[in-house]
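>>> Pasted the sequence and its predicted model underneath.
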Amino acid sequence: MSTVTLNPASTTTTTTVFHRRRTTTTTTKHRTRFRPKPIFAALVEDTRPRVSSSVNSNSIVNGDVSSSAIVRNRADDIQAESKALARAVNASVYSPEMLKFKYANRPFKVLRRTLQILVGLGSFGAKLYIDQLRGQLEKNRRARAVELRETFTRLGPTFVKIGQGLSTRPDLCPPEFLEELSELQDALPTFPDAEAFACIEKELGLPLDSIYSSISTSPIAAASLGQVYKAKLKYSGQHVAVKVQRPGIEEAIGLDFYLIRGLGIAINKYVDVITSDVVALIDEFARRVYQELNYVQEGQNARRFKKLYADREDVLVPDIFWDYTSGKVLTMDWVEGVKLNEQAIIEGQGLKVLDLVNTGIQCSLRQLLEYGYFHADPHPGNLLATPDGKLAFLDFGMMSETPEEARFAIIGHVVHMVNRDYEAMARDYYALDFLSPDVDVSPIVPALRNFFDNALNATVSELNFKTIVDGLGAVLYEYPFNVPAYYALILRSLTVLEGLALYADPNFKVLAASYPYFAKRLLTDPNPYLRDALIELLFKDGKFRWNRLENLLVQGKQDRDFSANEALQPVLKLLLDPEGEELRTLVIKEAIRVTEAITIGTMVDTYNSIPAPLKTFIPNGNGIGTPLTDAEMESMMELRQQVLRIWGLLRSSNNIDPTILQPIVQVLQEPEARNLGGRVFGGITQRLAARMLQQVLRSPATVRAPTV
């Protein structure tokens with residue numbers, strides 16, 4: 001890396017060149033340029049206080065600035081953001097109509113680009129075909145991987161993004177292709193530094209030396225839409241990352257999307273096996289890419305993402321410097337980090353890749369299913385491991401949102417899958433907007449049953465996300481499904497994370513890592529949809545499935561945000577709901593069973609603890625005084641042990657509150673609750689009375705001692 005010190009009073013430039021193992025300093029009349037090797041650094045949060053741009057840098061150096069001057073107040077920040085928005089007022093937006101108007105009358109330009117794409121991809125495909133015929137696929141794999149990377153690079157930003165997606169899919173690409181395509185994330189060809197620096201000055205309206213005291217003479221990283229420099233702000237001394245947009249990028253991607261959209265129109269019209277609206281998916285993707293061209297929008301995305309998700313100590317999101325941001329220039333915090341697919345380097349720092357991937361999965365689940373605002377482009381170049389073990393999210397140009405109804409429907413869908421309730425799964429597709437309300441889902445149910453009965457023979461830990469997605473796609477393609485654009489981005493986000501995990505562990509399963517989050521949400525979220533889903537999971541055929549509750553608690557406790565208190569409150573509220581009579585009836589029935597099991601189990605334990613000589617003085621000699629078959633006794637003792645285990649799980653919750661039972665006391669004071677308690681007490685009394693009456697009426701010869 002080279003750093004140029006900006007000093008308008010001198011014509012001599014001091015350049016410090018940092019190699020991987022040594023540092024040399026040279027002085028030259030001209031700035032040196034070289035194509036840097038990929039290094040493991042990127043934008044990460046700086047923990048030093050933000051300094052107002054109005055503060056004189058000399059005062060900072062001399063230590064004369066008060067704390068009130070150092071901390072930038074919110075009003076200044078809002079004003080700076082407003083000015084940045086004004087600088088980006090002419091940023092381009094995606095418009096299929098405008099692209100059609102622009103290129104429909106330029107047939108030669110369109111034809112030339114079409115031929116470029118066909119020649120580039122066609123020649124690569126032909127070489128693969130020849131390799132296959134000659135049996136040389138494996139021998140030439142490395143050479144072909146290099147050719148594919150170079151082909152994508154020559155074809156430009158749109159195809160670079162395709163390559164970035166493939167670089168995270170070890171299930172689709174051999175290791176040689178993954179390694180080569182991963183260079184598309186931040187090691188693309190650079191454009192001239194002079195153009196980048198001129199763009200900064202033009203966009204910000206300031207001379208370079210008035211903004212930075214130093215700036216790297218070559219890009220630290222070059223991506224599909226821009227390249228990044230490391231700089232030091234003159235007014236504060238903070239190190240920042242400065243991203244500058246590639247010149248002519250709008251023209252390049254505009255023509256590509258015009259051609260791709262034309263292909264999508266043809267697919268919609270002539271290819272019947274693809275039932276999704278391909279044009280809608282292309283339009284959604286294009287809109288996201290055009291949003292990436294507006295760096296002010298990206299800055300706002302980063303701020304929103306930071307506010308929602310950077311509350312976790314293991315998640316880091318860089319902040320934005322609005323004074324030095326415009327439509328084509330983005331200035332944000334700088335920190336060192338290693339790309340998440342650089343396993344050897346990460347583990348050499350004493351970190352574990354799977355821990356970082358799990359952090360990414362948990363954060364992504366929050367993005368998708370809590371707030372619905374998610375990072376739609378989490379390739380390894382945008383996910384970094386910091387030296388202190390944090391996961392840094394970068395590049396917020398491509399974001400998307402999950403509709404609220406769909407968020408709950410996804411969680412409910414998982415419950416229905418676990419329950420093998422295929423009718424409910426089919427109905428979920430209405431809420432997910434996969435099917436229009438007028439489509440009959442009854443023919444879909446057998447297809448779901450045939451697929452999941454086989455898939456679910458494996459445990460959750462043996463399933464992976466790709467298996468489910470690919471299997472469903474193969475089963476349901478013949479039905480009138482329409483995959484919403486937001487859902488396509490969700491699939492991309494989750495498959496990228498699974499791909500990253502597979503780098504570290506080929507047996508890693510995203511679904512298994514995600515289940516604790518789903519369990520926690522089901523147990524603690526008061527949303528009515530999820531309350532109903534929990535009831536469906538726990539009750540079947542009028543019986544309570546204690547094993548399901550125990551499993552949910554075991555899984556939910558693995559989520560660090562799980563709270564036993566939160567798990568109790570929604571259930572109590574549900575029981576007192578005016579429309580909850582059916583549930584109350586089931587709960588009363590189960591409460592009677594549990595109370596009887598605990599009472600009789602305690603009596604048996606007490607009886608078994610009595611010395612043998614004294615047992616002869618106890619009437620009936622069984623310790624319980626009620627007639628039970630071996631099967632009844634075994635079932636009762638098993639239920640008692642299960643309830644005690646569940647209570648132990650609740651008590652061992654990390655953030656357990658000793659007053660966990662206080663809500664029950666409060667609930668019992670309410671009229672409906674007193675009625676509920678009376679019904680439970682009455683049921684228990686009747687049950688025990690019936691047991692005692694059976695004992696009185698039994699012949700003494702039939703009485704037996706329990707075998708416990």
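Right, received. Where do you want to start? Numbering: from 1, shown residues only.

>>> in the stretch 1-150 of the chain, what spans have low per-residue confidence?
Scanning the stretch 1-150 of the chain for pLDDT under 70 picks out the ranges 1-72.

>>> what about the helix or strand Thr331 falls within, average pLDDT?
Applying DSSP states H and E as the criterion places Thr331 in strand 329-333. Per-residue pLDDT values over strand 329-333 give a mean of 95.

>>> which other helices and strands contact it?
When contacts are defined as 3 or more C-beta pairs under 8 Å, 6 or more residues apart in numbering; DSSP states H and E, strand 329-333 packs onto helix 193-204, strand 239-245, helix 295-309. Yep, even glycine has a C-beta here, placed from its N, CA and C like the rest.

>>> Pick the most deeply packed of the ones you listed.
The highest mean neighbour count among the helices and strands packed on strand 329-333, using mean count of other C-beta atoms under 10 Å, belongs to strand 239-245: a mean of 24.

>>> about what we covered before: what about the helices and strands packed on strand 329-333, which gets the closest to Thr524?
helix 295-309 (18.6 Å; C-beta to C-beta).

>>> Quick one: list the elements packing against the closest one.
helix 74-87, helix 278-292, strand 329-333, helix 353-366, strand 373-375.

>>> I'd like the helices and strands packed on strand 329-333 written out as JSON lines, with mean pLDDT added.
JSON lines is the format used below for these (pLDDT from 0 to 100):
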{"stretch": "helix 193-204", "mean pLDDT": "94"}
{"stretch": "strand 239-245", "mean pLDDT": "95"}
{"stretch": "helix 295-309", "mean pLDDT": "93"}
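
>>> Mind putting the ones you listed into CSV with distance to Phe562?
Shown next, in CSV, are these (distance: least, C-beta to C-beta, whole Å):
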stretch, distance to Phe562
helix 193-204, 47
strand 239-245, 36
helix 295-309, 18
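
>>> Tell me which of these approaches Ile410 most closely.
Nearest of the helices and strands packed on strand 329-333 (C-beta to C-beta): helix 295-309, 18.1 Å.

>>> what packs against the following helix or strand past that closest one?
Per DSSP H and E, the first helix or strand lying C-terminal to helix 295-309 is strand 315-316. If you count contacts as 3+ C-beta pairs under 8 Å, 6+ apart, strand 315-316 packs onto strand 391-393.

>>> What is the neighbour count of Leu85?
When neighbours are counted by other C-beta atoms under 10 Å, Leu85 registers 19.

>>> tell me the contacts of the closest residue to Thr359 other than its chain neighbours?
Of all residues not flanking Thr359 in the chain, Leu391 sits nearest, at 4.6 Å (C-beta to C-beta, 6 or more residues apart in numbering). For Leu391, the contacting residues are Asp314, Val315, Leu316, Leu340, Leu356, Thr359, Gly360, Cys363, Leu383, Leu384, Ala385, by C-beta atoms under 8 Å, 6 or more residues apart in numbering.

>>> What separation is there between Leu391 and Pro526?
Using C-beta to C-beta, to the nearest Å, Leu391 is found at 29 Å from Pro526.

>>> now swap in Ala501 and tell me
32 Å.

>>> Tell me which of these two has more neighbours.
Remark: of Ala501 and Pro526, Ala501 carries more neighbours, 26 against 12, as counted by other C-beta under 10 Å.

>>> Would you agree Ala512 falls within a strand?
No: per DSSP: H, G, I helix; E, B strand; the rest coil, Ala512 lies outside any strand segment and is helix.

>>> Count the residues that sit near it.
For Ala512, using other C-beta under 10 Å, the count is 16.

>>> again, but for Ala426
So Ala426, with other C-beta under 10 Å, has 25 neighbours.

>>> quick one: it from Phe434, how far?
With C-beta to C-beta as the criterion, Ala426 and Phe434 are 10 Å apart.

>>> which of the helices and strands packed on helix 295-309 sits most buried?
strand 329-333 (a mean of 27).

>>> Between helix 193-204 and it, find me the angle.
Using axes from the mean of the first three to the mean of the last three C-alpha atoms, to 10 degrees, the inter-axis angle of strand 329-333 relative to helix 193-204 is 90 degrees.

>>> who touches strand 329-333?
With C-beta under 8 Å, 6+ apart as the criterion, strand 329-333 contacts 43-46, 199-200, 203-204, 231, 238, 240-245, 295, 298-299, 302, 318-321, 323-325.

>>> right, and the helix or strand after that strand?
Where DSSP H and E defines the elements, the next helix or strand beyond strand 329-333 is strand 335-336.

>>> Could you identify the helix or strand that succeeds that following strand?
Counting by DSSP H and E, what follows strand 335-336 is strand 338-339.

>>> what lines up beside that next one in the sheet?
According to DSSP bridges, strand 338-339 forms sheet pairs with strand 383-385 (antiparallel).

>>> buried set for the partner strand?
Leu383, Leu384, Ala385 (16 or more other C-beta atoms under 10 Å).

>>> any idea how far the second one lies from Ala513?
Read it as Leu384. From Leu384 to Ala513 the distance is 20 Å (C-beta to C-beta).

>>> and what of the first one?
Here the criterion is C-beta to C-beta. By it, Leu383 lies 16 Å from Ala513.

>>> Wait, Met411 touches Lys520, no?
Careful, residue 411 is Ile; it's not Met. No: look at Ile411 against Lys520 with C-beta atoms under 8 Å: they stay out of range, at 10.6 Å.
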